[in-house]
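> Just need the structure, nothing else, for what follows:
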Amino acid sequence: SGSMFASVDEEYFHTPEGLEAYQRVQEIMKDRGRPPQFTMLCEDPKLSEDTREALRLQKKNVRNKSMLDQLAERLATYKTARQLLRMVLDTREALEGDAVDIESLVREVQDSAAKLSQRKSTTNRFYHIGTDQNTNDLAKKIIFDKDGNLAIPTGLTTFDKVNSGFIRGDVTILAGTTGSGKSGLAGQIAFNQAKMGYNVAFVPLEMSTQQMLGRIIANVSSLENKDVQYQHLDAAQQKRAWRYWRRMQREIAEADGRLTIFDSDCGVTASDVFASLHSINCDAIYIDYVGLLEGVDGDDQWKKLSEVVRQAKVYAKATNRAVIIVAQLKDTGELKHAKDMMDHAATSWLFKATPESREHGYLVVEMTKGRNQVLMKFTIGARYEFQQFYDLTPDEEASIGEETLEKATKKQSTSKKPSKEAAEDEKYLPDL
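All right, here's what the predicted structure looks like:
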């Protein structure tokens, strides 16, 4: 069956005879576009006599799809067992060596462990409409299932009521200029999602866990972030901060949510992040921010950043998680290496703080890409001193004033058109 061979690779075959037969079938399918009959394969002169004899001794052919799925599952189980054994033996050999690079060894073990759960599958590889249909259950889920959980709400109803939230199985880019509140907005949304019962992982590459927790304390207690961070709280403020912190802990726990902060005392790559978080049950992963990942600098940074987003997309699809990547926006309002990164993202938010927006406490967000979503521009409240980002009330919108809001919106969306030379510099001379 062609679908059978689409569900396996060379690592599924342990014996020399099995591997040789698999490789020969791949050659025939490449030349003829279909797999050979089993009886013909048993007499194929391009196979060794040992392999042909091994094939002749096999039991009856697989007769139906159920037997095919069982066989593929058995092969996958054997493959996983061999990979696990190989990982243990390689780790033991490395530890018994004269010199041991523990950090490299841990990274290799993490990568190997993440691969153990990855399997190809024949189940639902092809979806048919009409003859031999197998799509009715999925169609019913789309039409009737109100709790399909295909999107994770952000907690900002201005956006959620139109687009439901961030899409599972895909990548969202949040890009802002320096000082616009990139980390603050990403942290606010992650916090909102945890309070709604979702399990969220946050990777703060710009700050320590203590600084991240300080921002959360400022957020929930409405105390100024600088006073929390530098421990300038008086006794009454300390009691207030502790009271609101414990209340927030209870609220998240009662909603069955969780906010996990992934802290690392050394540089991490995108692979490190995904391997480390693979075993943790989470709905969304935030990386703040992409330019600080290990290995993305250099003359070909545009290519490396694109690869990170592509890797995030593959991971998100495989795990049905939402991956949110925080990125740097140039002062002109353009995303650095926009095309290379946007090619792999489903959704993007771009935002830029202006003197007017900071003075009046708001942030204009422009959604420039949204797969299966509605592109929109919306305004949220921003109390930077408290690290709070929220939905504006009608009274707050009125206090800002239409003229001020329109002025800031125009300033955000207006930028000089780069010259051809500048575009080339942007591509090959990245600036973080």
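> make it CA atoms for all contacts and neighbour counts henceforth
Will do.
> which element is the residue most central in space within the chain on?
The centroid of the chain falls nearest to Val323 when counting by C-alpha atoms, centre = their mean (2.6 Å). Per DSSP states H and E: Val323 is located in strand 322-328.
> got the CA coordinates for that strand in PDB?
These are the backbone C-alpha positions of strand 322-328, laid out as PDB (Å, rounded to 0.1, in the frame of the first residue of the first chain):
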ATOM      1  CA  ALA A 322      -0.400  28.300  19.800                       C
ATOM      2  CA  VAL A 323       3.100  29.700  19.500                       C
ATOM      3  CA  ILE A 324       3.300  33.500  20.000                       C
ATOM      4  CA  ILE A 325       6.600  35.100  18.900                       C
ATOM      5  CA  VAL A 326       7.400  38.700  20.100                       C
ATOM      6  CA  ALA A 327       9.500  40.600  17.600                       C
ATOM      7  CA  GLN A 328      11.100  44.000  17.100                       C
END
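> Okay, now the sheet partners of that strand, with direction.
Sheet pairing for strand 322-328, assigned by DSSP bridges, gives strand 171-176 (parallel), strand 284-288 (parallel).
> Of these, flag the one that's most buried.
strand 171-176 (a mean of 27; mean count of other C-alpha atoms under 10 Å).
> pLDDT averaged over that strand, what's the number?
Strand 171-176 shows a mean pLDDT of 95 in the predicted model.
> Same question for stretch 342-353.
Here stretch 342-353 scores 92 as its mean pLDDT.
> shouldn't Ser222 be in contact with Phe386?
Yes. Between Ser222 and Phe386 there is a contact under C-alpha atoms under 8 Å: 5.6 Å.
> a markdown table please, covering the strands paired with strand 322-328 and showing distance to Asp331.
Formatted as a markdown table, the strands paired with strand 322-328 follow (distance: least, C-alpha to C-alpha, whole Å):
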| stretch | distance to Asp331 |
| --- | --- |
| strand 171-176 | 9 |
| strand 284-288 | 19 |
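> For Tyr315, which of the ones you listed is the nearest?
Shortest distance between Tyr315 and the strands paired with strand 322-328, using C-alpha to C-alpha, is found for strand 171-176: 9.4 Å.
> Indicate which one of the strands paired with strand 322-328 is closest to Gly370.
strand 171-176 (8.9 Å).
> May I have the closest one exported as PDB, CA atoms only?
Written as PDB, here are the backbone C-alpha positions of strand 171-176 (Å, rounded to 0.1, in the frame of the first residue of the first chain):
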ATOM      1  CA  VAL A 171       2.200  31.100  14.900                       C
ATOM      2  CA  THR A 172       1.200  34.600  15.900                       C
ATOM      3  CA  ILE A 173       3.700  37.500  15.700                       C
ATOM      4  CA  LEU A 174       3.500  40.400  18.200                       C
ATOM      5  CA  ALA A 175       5.800  43.100  17.000                       C
ATOM      6  CA  GLY A 176       6.300  46.500  18.600                       C
END
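> Which strands and helices lie in contact with whichever helix or strand comes after it?
Note on strand 171-176: by DSSP H and E, the next helix or strand toward the C-terminus is helix 182-195. In terms of contacts (3 or more C-alpha pairs under 8 Å, 6 or more residues apart in numbering; DSSP states H and E), helix 182-195 is packed against strand 171-176, strand 199-204, helix 235-254, strand 258-261, strand 284-288, strand 322-328, strand 388-390.
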